[in-house]
Each structure stands twice: as structure tokens, then as C-alpha cells.
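Peer 1: Have a look; sequence and predicted model below, questions after that.
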Amino acid sequence: MLVDVAFTPDEAGSAPTGIVIDVIRATSTICQALASGYAAVFCAAEVEEARTLRDALGGGVLGGERNAVRIPGFDLGNSPREYLEPAGDTLILSTTNGTRAVVAAASRCERVLIASLLNLAALVEAAREYGEDVLVVCAGVEGRPNLDDTYVAGRIVESLGWKRTDAAEAAARLVPTWGGAEEALRVSRSGRNLLENAPELEPDIPFCARESVLDVVPQLVALRDGAAEIAA
Ligand code: MLT
């Protein structure tokens, strides 16, 4: 089996199993929300799409960020720590990069799994059980590669232990250059954006850096009006 890495969602590539990462913080939030009891998370690329979808669904919790902070009029932001208890059955999430990456992967892979450090072991086990080639899709930051998602991609590549493309090899080789996950997340563009725009959310970094503490494997189940419906 082969594992490949796309450092941004626009990079070419496809595989039967797509694994999407936006560790700071969209995919960490999706994992936490589903582990806490939300039945479904809808990923919407645009703010207006999220609002329209809530109307179409007849309700739901609106969550998400722009410039790291809660979108005006939304119920919750994009801190995974806001999702430790469910505030409803359905979460409709719109974030700057992460929710777009999920929607992009949906068009290129037969199945799409959602990764963070929080669910790393469960995710790797699920990918192994599918037993088909993997494309890890990093959300990046506004179309550019970022170190935090690359770190997680490297951890997935190491953990799978399969044949690697050069991109996958590069991600794995970066992992030992940091003292651990928290350092990698902190020095990354995403980590610095979070600290610059919302310093009060600094505890999100150590929270998202914890490895294999959740047993969920969120997976794309359907596309609805351009939004990706994810369930565990
Ligand atoms: C994103 O989608 O880019 C992230 O969720 C950004 C953030 O967490 O602030």
C-alpha cells in the first residue's frame, strides 16, 4: 500500500482513502464534537452557505471562525474546547481553510476520513482496515503549506509504515526536527495566526497537540448543497 501527502488541498493527487488534516483547529474540533455526542458535523466552505444550510435543516448549532474568532451571529467559535459537551444534535461548521479542504477531498477520494492528533491511533487503524492507498490532504493556510498539518501528516505516514511517495517521505522526515507536537504546532503559521488574532485561545494549542486521546474516526457520509456531512 502507498501513502502520499498533498501539502495543500489544490495539489494534484487522488487515492481511494483521503485523510484530511487541519489540526489548528477545524479537524480537531470535528473530532472533539463527534466524540462529545454531536450526531453529525456539516462542513461548509462559506459563512452564508452555513446559514442557508441551518435554515434548510430546520436548526442546528452554527460554529466557526474567521481570523480565528467566532463569526458574528454564530453560536460557537472553532475552539475544540467549546465542544466538550454537545449543544445540539447537528453542528454546521465554517472555517477559513479546514472545511474547504474537506469539501475538496470529497471530489478526489472514494472515502474521506478526518484526522487530528486527538484521534491519530484510531484513524491509522481505520485506514489500515480499508487496506487501500491513502492520500493525506493538508488544509494548509490560504493555499500555502503549513508546518502543523505537515507534522500530523508525517505522524500518519510514520504510523502507517507503508510505501511512501517523496512528499510522504518529506513529511515523515520533518517530524523529528521538532521536540514534539506542541512545538510543531506553536511555530507553524496556523499556530502563530491563532496567537496573533486571539491570544486568549492559546490553550487550544496544547489541547490540539494531545495524541490519540479520542477513539472517533469521523468520515464523510454525504454532500448536501455543497457542504460535507461528517459522522463518526
Ligand atoms: C481553519 O480552518 O483555517 C482553522 O480552523 C483556523 C482556526 O482554527 O482559527
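Peer 2: Received, thanks. Every value quoted in this text rests on a predicted model; they were computed, and no experiment measured them. Numbering: from 1, shown residues only.
Peer 1: And the helices in the chain?
Peer 2: Assignment of helices within the chain using DSSP state H yields the ranges 26-36, 47-57, 98-106, 120-130, 147-160, 166-174, 181-187, 189-197, 204-208.
Peer 1: weakest of those in terms of mean pLDDT?
Peer 2: Of all these, the minimum mean pLDDT falls on helix 98-106 (a mean of 89).
Peer 1: who's in contact with it?
Peer 2: 9-10, 18, 20-22, 25-27, 30, 43-45, 64, 93, 112, 114, 135, 137-140, 220, 223, 226-228, 230 (C-beta atoms under 8 Å, 6 or more residues apart in numbering). Every C-beta, even on glycine, is put in place using the N, C-alpha and C of the backbone.
Peer 1: Next one: the closest residue to Thr150 other than its chain neighbours from Ala232, what distance?
Peer 2: In this structure, Thr150 finds its nearest non-sequential neighbour in Ala171, 5.3 Å apart by C-beta to C-beta, 6 or more residues apart in numbering. Per C-beta to C-beta, to the nearest Å, Ala171 is found 26 Å from Ala232.
Peer 1: For these two, indicate the residue with more neighbours.
Peer 2: A direct count of neighbours by other C-beta atoms under 10 Å for Ala171 and Ala232 places Ala171 higher, at 28 against 22.
Peer 1: picking up where we left off before, just the buried ones from the contacts of helix 98-106?
Peer 2: Listed as buried from the contacts of helix 98-106 are 9, 18, 20-22, 25-27, 30, 43-45, 64, 93, 112, 114, 135, 137-140, 220, 227-228, 230; burial here means 16 or more other C-beta atoms under 10 Å.
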